[in-house]
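In: just a sequence and a predicted model for now, questions to come.
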There are 2 protein chains.
Amino acid sequence: MKLQVDGRKARGEKRRAEIIEATLRVIERDGVAGVTHRTVAAEAGVPTTSTTYHFSSLDDLLVATLISCARDMATEVYWMIDRARSRGSRGAEEVAGLLAEALGPRRGRTMAEYELYLLAARKPELRPAARRWLDVLTSMVRHDDEVAFRVFLAGIDGLLIQGLIDDEPPSADELRPVVDYLLKPR
Amino acid sequence: MKLQVDGRKARGEKRRAEIIEATLRVIERDGVAGVTHRTVAAEAGVPTTSTTYHFSSLDDLLVATLISCARDMATEVYWMIDRARSRGSRGAEEVAGLLAEALGPRRGRTMAEYELYLLAARKPELRPAARRWLDVLTSMVRHDDEVAFRVFLAGIDGLLIQGLIDDEPPSADELRPVVDYLLKPR
DNA sequence: TTTGTTTTGGGACGATCGTTCAGGTAGTTT
DNA sequence: AAACTACCTGAACGATCGTCCCAAAACAAA
């Protein structure tokens, strides 16, 4: 019976998590292209071989990082829905604000998430992770109109990816009418 | 007076174009990550130094390729609109078919186009090229309802990028109701 | 303590990378 | 013809890459 966790494994998993966080920071800053064992190790403040010890290959590191990123995004979506519900039916306001935030202060993170999308397009193993936030939304939101809901999901993705190539990020005020149109039932 | 074009420059520009085409094929197959001077040169059947001669750096090669890709996409959109107009007002049918084609037989090309998006998010010089097909659509289509049109554009992008992470590409029949909803005026 | 397991980290190896260079070829101009 | 320009290409350099190896350290079980 081991009531106490192994101190070695505890430290190991902690470092493993730190490496994943460092990898995400590198992706936000330089994109997936900037991820190497050495850049990640430098970002995490660990020796280079530490990343090869905890991840059998660079590909494993990328996959683990993007899956972790997707999980965070899914839980964020979860709480976003929860919060929007408790605030009443001002959904459009809430969504527009979140989009503006994703394209402004959290722009790097948003880019990282779409790099996940594109990597998932080429690596089937990443697809469940990439779809997770869509699934969370689908399971939480009551959708009396299936087609309208699919349009809403597609619209969100489209607004985000188009917002990424704008010269300056759109404000919540600019996004609100579009989001409102997306949410309005007919 | 030079009535005849310089034969040397003619050959040079021809090879330059071949290199760009080869680069696009490499991107479609392996993504931007797979683009190196050597892989592109092998794909084009030219010596490695030929790519460095015609493009001052690997970045220049990528930028030139993605700008060329964007130009092709824009002219395709142009003729697509033109064709849809001449066939009457069955727009939804036409759009759904094009989306299914982009996610099926032309999947690699579609992925390449979204790699352009993501690269444009990091390189401002690429943004006009990435926005070109949006601009073409905006300038050609009469939009009495500005918001509805923006929703349509975002919806198209969302459907495409979400279709890229489906385990199997959606058919035109599956896409039609969503496209129809996007196009229907209210 | 001794033994075994897991993590750590310095060093290095071979491969591949972007890019440069110099000599050679083909085409144009004078 | 000679001079000039533009393109072509084999060879190579230095840098960086992923990954492996092995000894030391930290910790657990005996």
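Out: Received it, and whenever you're ready, just let me know what you need.
In: can you tell me how far residue A:150 is from DNA strand D?
Out: 38 Å (Cβ to the nearest atom of the strand, to the nearest Å). (Each C-beta comes from the backbone N, C-alpha and C, glycine too.)
In: swap in residue A:6?
Out: For residue A:6 relative to DNA strand D (Cβ to the nearest atom of the strand), the value is 5 Å.
In: residue A:71 contacts residue A:132, correct?
Out: Yes: applying Cβ atoms under 8 Å, one finds residue A:71 in contact with residue A:132, separated by 6.9 Å.
In: those two: which is more packed in?
Out: Neighbour count, other Cβ atoms under 10 Å in any protein chain shown: between residue A:71 and residue A:132, residue A:132 has more, with 17 against 13.
In: list the contacts for the more buried one?
Out: Residues in contact with residue A:132 (Cβ atoms under 8 Å, 6 or more residues apart in numbering or on different chains) are A:70, A:71, A:73, A:74.
In: and of those residues, the nearest to residue A:173?
Out: residue A:73 (24.7 Å; Cβ to Cβ).
In: quick one: the closest one and residue A:134 touch, right?
Out: No: Residue A:73 is not in contact with residue A:134 according to Cβ under 8 Å; the separation is 10.3 Å.
In: of those two, who's got more company?
Out: residue A:73 (21 against 18).
In: tell me which element the more buried one falls in.
Out: Take DSSP states H and E as the rule and residue A:73 turns out to sit in helix A:58-86.
In: and the strand or helix carrying residue A:53, how far out from the chain's middle?
Out: Using DSSP H and E, residue A:53 maps to helix A:48-54. Distance of helix A:48-54 from its chain centroid, counting by Cα atoms, centre = their mean, to the nearest Å, is 25 Å.
In: and that helix, average pLDDT?
Out: In this model, helix A:48-54 carries a mean pLDDT of 97.
In: and what of stretch A:178-186?
Out: Rounded mean pLDDT across stretch A:178-186 is 88.
In: contact partners of it?
Out: Contacts of stretch A:178-186 (Cβ under 8 Å, 6+ apart): A:91-92, A:95-96, A:99, A:145, A:148, A:151-152, A:155-156, A:159, B:147-148, B:150-151, B:154, B:186.
In: mind doing that once more with 10 Å?
Out: A:89, A:91-99, A:144-145, A:148, A:151-156, A:158-159, A:170, A:172, B:145-151, B:153-155, B:181, B:184, B:186 (Cβ atoms under 10 Å, 6 or more residues apart in numbering or on different chains).
In: weed out the non-buried ones from those.
Out: Listed as buried from the contacts of stretch A:178-186 are A:91-99, A:148, A:151-156, A:158-159, A:170, A:172, B:148-151, B:153-155, B:181; burial here means 16 or more other Cβ atoms under 10 Å in any protein chain shown.
In: do the helix holding residue A:53 and DNA strand C meet at all?
Out: Yes: using Cβ under 7 Å from any atom of the strand, helix A:48-54 reaches DNA strand C at A:48, A:49, A:50, A:53, A:54.
In: tell me the buried residues in that helix?
Out: A:50, A:51, A:54.
In: just stretch A:125-133 next, same as before
Out: So, applying 16+ other Cβ under 10 Å, buried residues of stretch A:125-133: A:126, A:127, A:129, A:130, A:131, A:132, A:133.
In: equivalent analysis for stretch A:20-32, please.
Out: By 16+ other Cβ under 10 Å, the buried positions in stretch A:20-32 come out as A:20, A:22, A:23, A:24, A:25, A:26, A:27, A:28, A:31, A:32.
In: which element is residue A:25 on?
Out: helix A:7-30.
In: same question, residue A:41
Out: Using DSSP H and E, residue A:41 sits within helix A:37-44.
In: distance between that helix and the chain's centre?
Out: Chain-centre distance of helix A:37-44: 21 Å, with Cα atoms, centre = their mean.
In: how about that helix as PDB, C-alpha atoms only?
Out: Below are the C-alpha coordinates for helix A:37-44, written out as PDB (Å, rounded to 0.1, in the frame of the first residue of the first chain):
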ATOM      1  CA  HIS A  37      13.700  21.100 -27.800                       C
ATOM      2  CA  ARG A  38      16.100  23.900 -27.100                       C
ATOM      3  CA  THR A  39      13.800  26.800 -27.300                       C
ATOM      4  CA  VAL A  40      11.300  25.100 -25.000                       C
ATOM      5  CA  ALA A  41      13.900  24.100 -22.600                       C
ATOM      6  CA  ALA A  42      15.300  27.600 -22.500                       C
ATOM      7  CA  GLU A  43      11.800  29.000 -21.900                       C
ATOM      8  CA  ALA A  44      11.100  26.600 -19.100                       C
END
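In: and that helix, anywhere near DNA strand D?
Out: Yes: using Cβ under 7 Å from any atom of the strand, helix A:37-44 reaches DNA strand D at A:37, A:38, A:39.
In: how about the residues you listed in CSV, adding distance to DNA strand C and neighbour count?
Out: Below are these laid out as CSV (distance: Cβ to the nearest atom of the strand, whole Å; neighbours: other Cβ atoms under 10 Å in any protein chain shown):
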residue, distance to DNA strand C, neighbour count
A:37, 9, 17
A:38, 9, 11
A:39, 14, 17
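In: what's the closest of the residues you listed to residue A:108?
Out: residue A:39 (15.3 Å).
In: which non-adjacent residue is nearest that closest one?
Out: residue A:26 (5.5 Å; Cβ to Cβ, 6 or more residues apart in numbering or on different chains).
In: hmm, that neighbour is touching residue A:115, no?
Out: No: with contacts counted by Cβ atoms under 10 Å, residue A:26 stays clear of residue A:115, the gap being 11.4 Å.
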